[in-house]
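J.: Following is a predicted model, sequence given first.
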Amino acid sequence: MNNLQAVKKENCHDFQETDNRDYVIETTKYSLNKDHITALARGEVRVVKVKGFANGPSCDLISKGQTSLGFQPYINVSEVRKIGMAFYETEMKPELIDKYFTVASVHQNDFRKACEPFGSPLDTLRALLDEIWPAGANLQTIFGRKMFVGLSRMVEPNTTFLAHHDIFSEDAPGIEEAESLTAQFAANIYFQVPDIGGELLMWHKNMTTEEFNERRKGKYGIAIEDLPPPDVVIKPGRGDLLIFDSRKIHAVASPRGSSRMAVSFFIGYRGEECPLTYWS
């Protein structure tokens, strides 16, 4: 059995959305504000959910546009398909870092084209973050170059993301731009969601890098059944935006019947007096 078959088999679980009132703030596109970001940074909530951030017609068009561009496996995670290159894939190898920067503008423009004649909801979110945060928000730089933002990802039926955490300083160890973060969030806008499955699963307990590496057993993440039941289960709707604490262990429940398609990026937090930064 290959890795993809193993992932499909071991993650075919059904999850019911939990009572998330203590952990999730729900708001609207026009009510998102700095207090929501601050609550995430302080650990007061795990997720900010913005219902209907993108409207139905734009979701239909964008998901078709994403499909036409063609999804490819991650370089280092063959089970998951995406458009664009995540910095995680570089593994700090000079030739892959060069490739990351070379293709960044190509993929950003391809996504904008896939959104036409609608505007890009990714660009809308970037502008909103700049407007609501007192110190502003801008594209993350590293090695003196602007990073890519806007990774399109597809989780196919009966497969998933294993439980993992996303920590910039682990992707770029010893680099000041990564080490200076005091919190890190993931932002996902969902254009296609299955009727069954596709929930975001989160666990409250922090896990050290050493423990995570031991428990993932050579895979990119930990099998869901090797963890206790998730503390937060949240089902995104088509067009919803979820912003959540990416340093917490999280996973995606297996979609059933149709794929889950989204665009995503990370948001870096360094304190209320510093600008937010974003990258993929």
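T.: Right, received. Where do you want to start?
J.: Could you tell me how far Leu151 is located from Pro117?
T.: Relative to Pro117, Leu151 is positioned 23 Å away (Cβ to Cβ, to the nearest Å). The C-beta positions use only the backbone N, C-alpha and C, and glycine is treated the same way.
J.: same thing with Val45?
T.: 36 Å.
J.: residues of stretch 180-197 that come out buried?
T.: Neighbour-count burial for stretch 180-197, with 16 or more other Cβ atoms under 10 Å as criterion, is recorded at 181, 183-194, 196-197.
J.: quick check: mean pLDDT across that stretch?
T.: Per-residue pLDDT over stretch 180-197 has a mean of 97.
J.: Kindly report the same for stretch 118-134.
T.: Mean predicted lDDT for stretch 118-134 stands at 97.
J.: Enumerate the positions of that stretch that are buried.
T.: By 16+ other Cβ under 10 Å, the buried positions in stretch 118-134 come out as Ser120, Pro121, Leu122, Leu125, Arg126, Leu128, Leu129, Ile132, Trp133.
J.: re earlier: which members of the buried residues of stretch 180-197 are the farthest-apart pair?
T.: The largest separation in these, counting by Cβ to Cβ, is between Leu181 and Ile196 at 35.5 Å.
J.: where along the stretch 151-280 of the chain do the helices fall?
T.: Remark: helices assigned in the stretch 151-280 of the chain by DSSP state H, counting those that start in this stretch are 168-171, 176-179, 209-215.
J.: Report the residue spans of this protein with pLDDT below the cut-off.
T.: Applying pLDDT under 70 to the chain picks out residues 1-13, 18-19.
J.: Between Leu151 and Pro117, tell me which one has more neighbours.
T.: Ranked by neighbour count (other Cβ atoms under 10 Å), Leu151 and Pro117 place Leu151 first, with 25 against 6.
J.: Can you report how many residues neighbour the residue lying closest to the more buried one once chain neighbours are set aside?
T.: Using Cβ to Cβ, 6 or more residues apart in numbering and skipping the chain neighbours, the partner closest in space to Leu151 is Ser280 (4.1 Å). For Ser280, the neighbour count with other Cβ under 10 Å is 27.
J.: Residue numbering should commence at 50 henceforth.
T.: New numbering, starting at 50: the last item is Ser329.
J.: before we move on, back to that, what's the most buried one of the helices of the stretch 200-329 of the chain?
T.: Ranked by mean neighbour count, these are led by helix 217-220 with a mean of 18 (mean count of other Cβ atoms under 10 Å).
J.: Give me every residue in contact with it, excluding its own residues.
T.: The contact list for helix 217-220 (Cβ atoms under 8 Å, 6 or more residues apart in numbering) reads 136-137, 139, 141, 224, 226-228, 230, 233, 258, 315, 317.
J.: From the rest of the structure, what touches the helix or strand hosting Leu89?
T.: Using DSSP states H and E, Leu89 sits in helix 83-90. Here helix 83-90 makes contact (Cβ under 8 Å, 6+ apart) with 74, 76, 94-95, 97, 181-183, 231-232, 234, 292-294, 316, 318, 321, 325.
J.: which stretches of the stretch 150-299 of the chain form strands?
T.: Remark: strands assigned in the stretch 150-299 of the chain by DSSP state E, counting those that start in this stretch are 186-188, 190-191, 194-195, 200-204, 232-241, 249-251, 281-283, 290-294, 299-301.
J.: And the last one, how far out from the chain middle?
T.: The chain centre lies 10 Å from the centre of strand 299-301; the measure is Cα atoms, centre = their mean, to the nearest Å.
J.: Which other helices and strands does that strand contact?
T.: strand 249-251 (3 or more Cβ pairs under 8 Å, 6 or more residues apart in numbering; DSSP states H and E).
J.: Quick check: phi and psi at Thr209.
T.: Main-chain dihedrals, Thr209, degrees, to the nearest 10: phi -170, psi 170.
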